[in-house]
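*Asks:* model this:
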Amino acid sequence: QVRVVESGGGLVQAGGSLRLSCAASGRTVNFAMGWFRRGPGKEREFVAAIRWTSGGLYYADSVKSRFTISRDNAKNTVYLQMFSLKPEDTAIYYCAAGAPSIVSTIRGYDYWGQGTQVTVSS
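*Replies:* Below you'll find the model as predicted:
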């Protein structure tokens, strides 16, 4: 059984930074770890992903160059460093683990965290 727990959300002013953490327990080798978000009145959308084995990185166009996903193998933790935050980044951010064929789609991620709120004020 795999479990993922997010932390690090909060309130930040536009232009600020936050780092989210996703601690995974259980067997995650060969998994992808993804970050998704759901803004007010919006569908859940892909943000970024990383593959544990290959280290491949993937980003949504809306966050590319502003967000960085990374991992700490020893801690079994994935991070999402967010820079230059905008009000439109306000959302609940979810961490997910699984073996999706396409990392930017929800299908294939079998394990989800409860989410952490990120609020960016203008």
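*Asks:* low pLDDT regions in this structure?
*Replies:* For the chain, no stretch has pLDDT under 70.
*Asks:* mind listing what the residue nearest the centre of the chain touches?
*Replies:* Nearest to the geometric centre of the chain sits Trp35, at 2.2 Å (CA atoms, centre = their mean). Going by CB atoms under 8 Å, 6 or more residues apart in numbering, Trp35 touches 20, 22, 46-49, 69, 78, 80, 93-96. C-beta coordinates here come from the backbone N, C-alpha and C atoms, glycine included.
*Asks:* do the same with Leu18
*Replies:* Gly8, Gly9, Gly10, Val12, Met82, Leu85, Val118.
*Asks:* so the first one touches Thr77, yeah?
*Replies:* No. Between Gly8 and Thr77 no contact is recorded; they are 10.7 Å apart, counting by CB atoms under 8 Å.
*Asks:* quick one: which of the contacts of Leu18 has the most company?
*Replies:* In terms of neighbours by other CB atoms under 10 Å, the contacts of Leu18 top out with Met82 at 25 neighbours.
*Asks:* Phe31: which of the contacts of Leu18 is nearest?
*Replies:* Gly8 (20.5 Å; CB to CB).
*Asks:* pull the contacting residues for that closest one.
*Replies:* Leu18, Arg19, Leu20, Ser21, Thr116.
*Asks:* what helix or strand is the fourth one located in?
*Replies:* Taking DSSP states H and E as the criterion, Ser21 maps to strand 18-25.
*Asks:* and Ala99, how many neighbours does it have?
*Replies:* For Ala99, the tally of surrounding residues (other CB under 10 Å) stands at 13.
*Asks:* what do you get for Arg66?
*Replies:* Per other CB under 10 Å, the neighbour tally for Arg66 reads 15.
*Asks:* wouldn't it be in contact with Phe83 here?
*Replies:* Yes. Using CB under 8 Å, Arg66 makes contact with Phe83 at a distance of 5.2 Å.
*Asks:* number of residues surrounding Leu20?
*Replies:* Neighbour tally, Leu20, other CB under 10 Å: 24.
*Asks:* show me the contacts for the spatially closest residue to Val63 that is not a sequence neighbour.
*Replies:* Leaving out its chain neighbours, the residue that sits closest to Val63 by CB to CB, 6 or more residues apart in numbering is Val47, at 5.7 Å. Residues near Val47 by CB under 8 Å, 6+ apart: Gly34, Trp35, Phe36, Arg37, Tyr59, Ala60, Val63, Phe67, Leu80, Tyr93.
*Asks:* many thanks, we can stop here.
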